[in-house]
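Novice: Have a look at this fold, sequence not included:
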């Protein structure tokens, strides 16, 4: 099984993905791990907001009615 060398999209360093996680995209440095998590959360939130476009509007309208 040959190991593929990849380039980290955050720091541009070359790395070899872990053999147990062959689809690894980011290297193991702390800054790149933080960027990976931030990127995932941003994409997840964007997708959620597209699926629930009126959530915050309805939430605040309900909140104001309770006052």
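Specialist: Perfect, I can see it now. Everything numeric in this text was worked out from a predicted model, so none of it was measured.
Novice: how about the strands in the chain?
Specialist: Using DSSP state E, the strands of the chain run over 6-7, 14-15.
Novice: could you redo the ones you listed as JSON lines and give each row mean neighbour count and distance to residue 49?
Specialist: Bear in mind the C-beta positions are built from the backbone N, C-alpha and C, glycine included. Below are those laid out as JSON lines (neighbours: other C-beta atoms under 10 Å; distance: least, C-beta to C-beta, whole Å):
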{"stretch": "strand 6-7", "mean neighbour count": "14", "distance to residue 49": "31"}
{"stretch": "strand 14-15", "mean neighbour count": "13", "distance to residue 49": "33"}
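Novice: Show me the one of the ones you listed that comes nearest residue 59.
Specialist: Taking C-beta to C-beta, strand 6-7 is the member of the strands of the chain nearest to residue 59, at 41.6 Å.
Novice: any idea how far residue 14 lies from residue 48?
Specialist: Residue 14 is 34 Å from residue 48, where distance means C-beta to C-beta, to the nearest Å.
Novice: swap in residue 22?
Specialist: 28 Å.
Novice: Now for residue 59, how many residues are close by?
Specialist: 10 (other C-beta atoms under 10 Å).
Novice: Before I go, just wanted to say thanks for your time.
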